[in-house]
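> Mind folding the following:
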Amino acid sequence: MPGAAAPERHVICMKWGTKYGPEYVNRLYAMVRRHLSGDFRFVCLTDDSNGIRSEVQCLPIPPLDLPAGIPERGWTKLATFSADLHGLRGTALFLDVDVVVTGGLDEFFTQPGEFVIIHDYKRPWRVTGNSSVYRFEIGAHPDVLDYFRGHFDEIRSRFRNEQAYLSDFLHRQGKLSYWPDAWCPSFKYHSIPAWPSNYWKAPVVPAGARIVIFHGECNPPDALAGRRNRRFRHIQPATWVAEHWRE
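Numbers count the residues shown, from 1 in each chain. Model prediction:
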């Protein structure tokens, strides 16, 4: 309609526990601000807002009421699918706090698809997505969370983590689609040179990358320092991380 307001855009991240400090949220906000044009709201769902910059709206993580003592495995992310997520309305782009933004983000809000996620790197023949980056309409998929709460034991026996369950659930509804392959590469699989050249060649920013995903063996400061958490998996310092992962 002429004169209608553009849909509100949100970038949502989540921080709980002590694994990641507030600097991860602050740097993520700064990277998004540099690479996303126009207005947006940046929201951090968290159990501790200390040290997080004022531009970030900190809100509590909706409770999942999981049994005590089970491995977390990312289940907490499913709270983003609450029917009422603190009254937020509009389109949300969820980002893990440990990603590094290297390119434009505008098209993450215009890419066709009802629910868009990274396709699995290691086994692309499966429907499973990587939930480091996904986009959805806030409040549009409450059944994801409702079914999870009502069938947790069954889901945990079938799926290793939240992204496997989420991908399967929305695929069965015909709502699952994937980002273009180049947009969200893996630092582990696409940035580190193949053995043995990893001993003398530094990791690179993959061609076409917009958000580099860190999972498994490194986080951004490890990559910058040339550290991996597995023996005999050497990397040279990824100096480009410092250019992007900053406030």
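
> Geometrically speaking, which residue is the centre of this protein?
In the chain, the residue lying closest to the centroid (C-alpha atoms, centre = their mean) is residue 132, at 2.4 Å.

> what's the spacing between residue 166 and residue 187?
22 Å (C-beta to C-beta, to the nearest Å). Glycine gets a C-beta too; all of them are placed from N, C-alpha and C.

> Show me what the strand ranked longest in the chain pairs with in its sheet, parallel or antiparallel.
Using DSSP state E, we find that the single longest strand of the chain is strand 129-137. Looking at strand 129-137 with DSSP bridges, its partner strands are strand 91-95 (antiparallel), strand 115-119 (antiparallel).

> Output those as JSON lines; include the columns mean pLDDT, distance to residue 75 and mean neighbour count.
JSON lines is the format used below for the strands paired with strand 129-137 (pLDDT from 0 to 100; distance: least, C-beta to C-beta, whole Å; neighbours: other C-beta atoms under 10 Å):
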{"stretch": "strand 91-95", "mean pLDDT": "98", "distance to residue 75": "14", "mean neighbour count": "22"}
{"stretch": "strand 115-119", "mean pLDDT": "98", "distance to residue 75": "16", "mean neighbour count": "22"}
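
> Now render these as a markdown table, adding distance to residue 239.
Listed next are the strands paired with strand 129-137 as a markdown table, based on distance: least, C-beta to C-beta, whole Å:
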| stretch | distance to residue 239 |
| --- | --- |
| strand 91-95 | 23 |
| strand 115-119 | 25 |
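
> Tell me which of the ones you listed sits nearest to residue 247.
Of all those, strand 91-95 sits nearest to residue 247, with 15.9 Å by C-beta to C-beta.

> what residues does the closest one touch?
The contact list for strand 91-95 (C-beta atoms under 8 Å, 6 or more residues apart in numbering) reads 7-14, 28, 32, 77, 80, 101, 105, 108-109, 131-138, 211.

> at 7 Å instead, please
For strand 91-95, contacts defined as C-beta atoms under 7 Å, 6 or more residues apart in numbering pick out 7, 9-13, 28, 80, 108-109, 133-138.

> The chain: strands as residue ranges?
Using DSSP E, strands in the chain cover 9-15, 41-46, 57-59, 91-95, 100-101, 115-119, 129-137, 176-178, 211-212.

> Which secondary structure elements does the third one sit against?
In this structure, strand 57-59 packs against strand 41-46, with contacts taken as 3 or more C-beta pairs under 7 Å, 6 or more residues apart in numbering; DSSP states H and E.
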